[in-house]
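A.B. asks: pasting the structure only:
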Ligand SMILES: [Zn+2]
């Protein structure tokens, strides 16, 4: 596989938590720990460090959803604060846990893409 994948393909592979180069091997060894290299194509991920980027992306996305949900519930006027809390808090936690590994895969793929295609 010598042909380089497109940028969109690379980012989608990252969202699927797959190797940005081949799309077959797993990008992560666990929930959030990236592998050092792809088990399928041997592409190295050791130099790709996403730092806090995925966490910031997750916080931004979850905040938009949680605040929108809270506004919708509050403006309906049907629920007490306790019921709103029972709906919004688990939704917020579940969404954050779901989005964080996806955001990290996306960031690592974006970093891989930037390291492969220098601006010119
Ligand atoms: Zn691979």
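C.D. replies: Sure thing, it's come through. This one's a predicted model, so the numbers in the text were calculated from it and none came from an experiment.
A.B. asks: Check what pLDDT residue 89 gets.
C.D. replies: Residue 89 carries a pLDDT value of 96.
A.B. asks: Count the residues that sit near it.
C.D. replies: 11 (other C-beta atoms under 10 Å). All C-beta spots, glycine's among them, are computed from the backbone N, C-alpha and C.
A.B. asks: Look up how far residue 15 lies from it.
C.D. replies: In this view, residue 89 and residue 15 are 26 Å apart by C-beta to C-beta, to the nearest Å.
A.B. asks: Ok, residue 106 next?
C.D. replies: Counting by C-beta to C-beta, the gap from residue 106 to residue 15 is 5 Å.
A.B. asks: Looking at the two, which one has more neighbours?
C.D. replies: residue 106 (24 against 13).
A.B. asks: next one: phi and psi at that one?
C.D. replies: Main-chain torsions, residue 106, degrees, to the nearest 10: phi -60, psi -50.
A.B. asks: Can you give me the pLDDT of the closest residue to it other than its chain neighbours?
C.D. replies: Nearest non-adjacent residue to residue 106, counting by C-beta to C-beta, 6 or more residues apart in numbering: residue 14, 4.7 Å away. As predicted, residue 14 sits at a pLDDT of 95.
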